[in-house]
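> Got a predicted structure here, sequence first:
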Amino acid sequence: MNENPEWLNKIVTLPEINTNIKLFGGHKQRVEYPWIAERETHFSFEVMIILEGVQHTSFSGRAYDFSAESIVLIPPGTSHENSCASNEGLKYFCAHFDIDDPSIQQTLLMYCPILLRKENEAYGDIARILHTYVELLDNESFSLKEKLIVEKLLIELVIALLDYANYEKIKMESSDNSSLVLAKAIADTIQQNFRKFTKYPTEENRYLLSMNYVAANLNISESTMLKVLKKVYGVSPKKYLDQLRYNESKFLLHQPNLSISEIAEVVGYQNLSHFSRQFKTWCNASPNEYRQLNHKNSKIN
């Protein structure tokens with residue numbers, strides 16, 4: 001491949017785009033009381049909008065009742081059970097999406113709650129996009145143009161969610177709520193330590209992945225760290241680190257020059273078989289299967 005000419009290196013160019021965003025399982029459904037969907041875990045984001053009635057959703061130790069026009073964003077790896085809580089039945093729209101960009105994933109995980117707030121400036125855009133998906137489902141089949149519209153809407157949805165997250169980030173940074181401030185400091189510290197480790201994944205740097213080290217740096221106890229992070233973000237510190245590892249693993253598996261054993265080391269696993277088992281738990285596919293599937297999809301696209 002020829003190198004860029006000198007003059008091209010001196011001007012501003014658009015960034016190269018190599019991010020995969022996938023949408024799947026998008027559907028709308030009406031169910032009658034007392035419908036229950038079995039407890040499940042998805043390793044992608046799940047977005048829902050309640051169209052009619054009330055949905056009861058239970059997580060580990062938490063439960064919500066979502067009424068009409070509630071927009072729900074369930075993070076990857078979160079076990080949950082949905083049921084109809086209204087005598088008149090329930091109507092909802094649901095879709096799953098996956099992004100292989102770790103920075104986008106982490107932004108959404110840190111700043112988008114399970115129940116999106118209507119007071120957020122980006123809420124209206126998110127609701128509009130989801131209702132457009134609902135309208136598209138009135139079609140019996142999809143033309144090429146309509147398929148492209150579905151893809152366009154997915155990009156718009158991710159942009160709107162990033163706008164939502166940015167609004168929440170600014171609000172959090174200016175807040176005097178001690179729990180919010182401390183939770184952000186905990187999440188930032190875990191993320192910064194993980195990034196440092198991935199740059200220099202040596203045995204001497206393994207302490208960076210220790211939750212005890214994070215707590216000591218922030219001058220708090222591990223129990224306080226667990227309580228605050230679960231209260232604000234709904235995940236434990238260890239699970240938050242696991243989400244970082246999973247996102248980084250997926251990103252690195254797109255790099256064909258890296259072996260799976262090298263990727264395991266970069267994300268902090270000393271044992272390849274342990275990494276492979278853990279990745280399969282996250283993704284329902286082994287690292288090698290995930291890499292092969294991605295390679296196959298890139299050829300098709």
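Yes, it's here.
> alpha carbons only for contacts and neighbour counts from here, please
Fine.
> List of residues touching stretch 234-245?
Residues outside stretch 234-245 that contact it (CA atoms under 8 Å, 6 or more residues apart in numbering) are 102, 106, 187, 190-191, 194, 211, 225-227, 229-230, 267-268.
> Report the contact partners of the most centrally placed residue in the chain.
Nearest to the mean C-alpha position of the chain, by CA atoms, centre = their mean, lies Q105 at 4.4 Å. Q105 sits next to 99, 247 when contact means CA under 8 Å, 6+ apart.
> ditto for the one 4 residues further on
By CA under 8 Å, 6+ apart, the residues touching L109 are 75, 233.
> switch to 7 Å and redo it
P75 (CA atoms under 7 Å, 6 or more residues apart in numbering).
> Report pLDDT for it.
As predicted, L109 sits at a pLDDT of 85.
> again, but for P256
86.
> Could you do the one 4 residues further on as well?
According to the prediction, I260 has pLDDT 95.
> could you measure it against L208, distance?
To L208, I260 is 22 Å away according to CA to CA, to the nearest Å.
> returning to that earlier point: secondary structure element for the residue nearest to the centre of the chain?
helix 102-111 (DSSP states H and E).
> and P34, that one's in a strand?
No. Under DSSP: H, G, I helix; E, B strand; the rest coil, P34 falls outside any strand and is assigned coil.
> ok, now which ones touch the residue nearest to it when sequence neighbours are not counted?
Among residues not flanking P34 along the chain, C84 sits closest, at 5.6 Å (CA to CA, 6 or more residues apart in numbering). C84 makes contact with 32-36, 54-56, 90 under the criterion CA under 7 Å, 6+ apart.
> what about the residue nearest to the centre of the chain, distance to S249?
For Q105, the distance to S249 - CA to CA - is 13 Å.
> State the number of residues packed around the residue nearest to G77 when sequence neighbours are not counted.
Nearest non-adjacent residue to G77, counting by CA to CA, 6+ apart: F43, 5.0 Å away. By other CA atoms under 10 Å, the residues close to F43 number 19.
> same thing with A165?
21.
> Which residue, neighbours along the chain excluded, lies closest to it?
Y111 (4.8 Å).
> How about T78?
T41 (5.6 Å).
> Just the buried ones from the contacts of stretch 234-245?
Buried residues within these, counting neighbours by 16 or more other CA atoms under 10 Å: 102, 106, 187, 190-191, 194, 211, 225-227, 229-230, 267-268.
> In helices, which of these appear?
Under the assignment DSSP state H, these contribute 102, 106, 187, 190-191, 194, 211, 225-227, 229-230 to helices.
> Number of residues surrounding E168?
19.
> Enumerate every residue touching it.
E168 neighbours (CA under 7 Å, 6+ apart): Y111.
> domains for this structure, by residue range?
By the assignment in automatic domain parsing, the chain contains the domains 21-173, 178-300.
> W7 is nearest to which of those domains?
domain 178-300 (29.6 Å; CA to CA).
> Next one: N4, what pLDDT does it get?
For N4, the model assigns a pLDDT of 69.
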